[in-house]
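[1] Predicted model follows, preceded by the sequence.
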Amino acid sequence: MSKLTVISGKSSENLAKELSKKIKANFVKSEIRVFPDGESKITLVGKISKKKSIVVQSIYPPVDTNLVQALSLITKAKENSSEVVVVIPYMGYARQDREFLSGEIVTMKVLGKLFKGAGASKIIVVDIHSVMGLNYFKIKTKNITAIPDLVRYFKKLRLKNPLVVSPDQGGKERARQFAKEFNLDYIALEKIRSRKTGTVKIKTKNLKQVKNRDLILVDDMISTGGSIIKATQFLKKQKCKKIYVACTHALLMNDAEKKIKKAGVTNIISTNTIPGKTSKVDISKAIAKAIM
Ligand code: R5P
């Protein structure tokens, strides 16, 4: 038996399988039975190493269910292995990293306590929305990026004279990294979001650089699609050519994919941190590198 075990949560089964092959680990899968009241009963199938376990579970919707399952897997892993590394490819709650409005609870602080309490020695995340949230985890943390893997995919598309665009100033550094890896130029739009209603507006006015060019809109995540739709509507008015979206985490809530395509996006490419129709880029190699 290998000295490493990958314990796969239900939300990341394929990714965990790929990872276990790459790091030559024993694969342990979870069988889940959901009771009528919504509780999950998890049964692990396979043997867990005494030395090191790697728990893999993304926290996408249903977020709280997947979170409790992650904590349960960590607890069980710690009962067997002396070291438990936790891979959360998509970290739900990462946007709740500070008190934006008075009285708001900083849920990342809660998660930091829960993961440590359950027995995690180290946590690995992929393109977390804000690394600030990781400061609440009083264990080792690592944020890895899917940008090189996304760029490799986009290079194969052979776009003509593309320009990298961030839909907001917060994503400027991400767009810069993407553009650098691709050897392209980049720009960042100005977006404002109402803290109360969540609605977004693009503040940028005229933008001559985008005319007649294919664009790659780069973001860490798409939830409702509001940010991408507003950016697309604005960029189309500036007479750009095709718009592609590159993002790490495609949640695509409430028909977001349909709405984004309707706004004028040619294609959305995301990674398998969240499995789905758009998740064409596998990030198991980058995760394996961070573990070994
Ligand atoms: C915001 O700062 C993030 O980087 C994303 O742009 C945002 O969270 C996406 O959410 P939505 O798709 O709902 O606009």
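    Arrived safely, thanks for sending.
[2] for residue 76, what are its contacts?
    7, 42, 44, 48 (CB atoms under 8 Å, 6 or more residues apart in numbering). (Glycine included, C-beta is placed from N, CA and C.)
[3] CSV for the residues you listed, including pLDDT, distance to residue 78 and secondary structure?
    Converted to CSV, the contacts of residue 76 look like this (pLDDT from 0 to 100; distance: CB to CB, whole Å; DSSP: H, G, I helix; E, B strand; the rest coil):
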residue, pLDDT, distance to residue 78, secondary structure
7, 98, 11, strand
42, 97, 15, strand
44, 98, 13, strand
48, 97, 10, coil
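[4] which of those lies closest to residue 274?
    Nearest to residue 274 out of the contacts of residue 76 is residue 7 (CB to CB; 19.3 Å).
[5] coming back round to it: report the two members of the contacts of residue 76 separated by the largest distance.
    Using CB to CB, the contacts of residue 76 reach their maximum pairwise distance at 42 and 48, which is 13.3 Å.
[6] who has more neighbours, the two?
    Shown here are residue 42 and residue 48; by other CB atoms under 10 Å, residue 48 has more neighbours (20 against 15).
[7] okay, the spatially closest residue to that one that is not a sequence neighbour: pLDDT?
    Nearest residue to residue 48 in three dimensions, chain neighbours excluded: residue 80, at 4.0 Å (CB to CB, 6 or more residues apart in numbering). For residue 80, the model assigns a pLDDT of 97.
[8] Just the buried residues of stretch 101-112, please?
    Neighbour counts over stretch 101-112 (16 or more other CB atoms under 10 Å) mark 106, 107, 108, 109, 111, 112 as buried.
[9] Stretch 3-23 now?
    Neighbour counts using 16+ other CB under 10 Å place 4-13, 15-20, 22-23 of stretch 3-23 among the buried residues.
[10] The host helix or strand of residue 267: how far from the chain's middle?
    Assigned by DSSP states H and E, residue 267 falls within strand 265-271. Mean-position distance between strand 265-271 and its chain equals 14 Å (CA atoms, centre = their mean, to the nearest Å).
[11] Buried residues, that strand. List them.
    Across strand 265-271, burial judged by 16+ other CB under 10 Å covers 265, 268, 269, 270, 271.
[12] ok, how many other residues are close to residue 248?
    Around residue 248 there are 28 residues (other CB under 10 Å).
[13] so where do the helices sit in this protein?
    Counting by DSSP state H, the segments of the chain that form helices are 13-22, 63-80, 107-118, 147-155, 172-182, 226-237, 256-263, 284-291.
[14] Adding distance to residue 217 as columns, could you present those helices in CSV?
    Listed next are the helices of the chain as CSV, based on distance: least, CB to CB, whole Å:
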stretch, distance to residue 217
helix 13-22, 24
helix 63-80, 25
helix 107-118, 26
helix 147-155, 12
helix 172-182, 9
helix 226-237, 6
helix 256-263, 10
helix 284-291, 22
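[15] hmm, back to that, I'd guessed the residue nearest to residue 48 sits against residue 50; true?
    Yes - using CB atoms under 8 Å as the test, residue 80 is close enough to residue 50 to be in contact (6.6 Å).
[16] neighbour count winner among the two?
    More crowded of residue 80 and residue 50, by other CB under 10 Å: residue 80, with 17 against 13.
[17] contacting residues for that one?
    48, 49, 50, 53.
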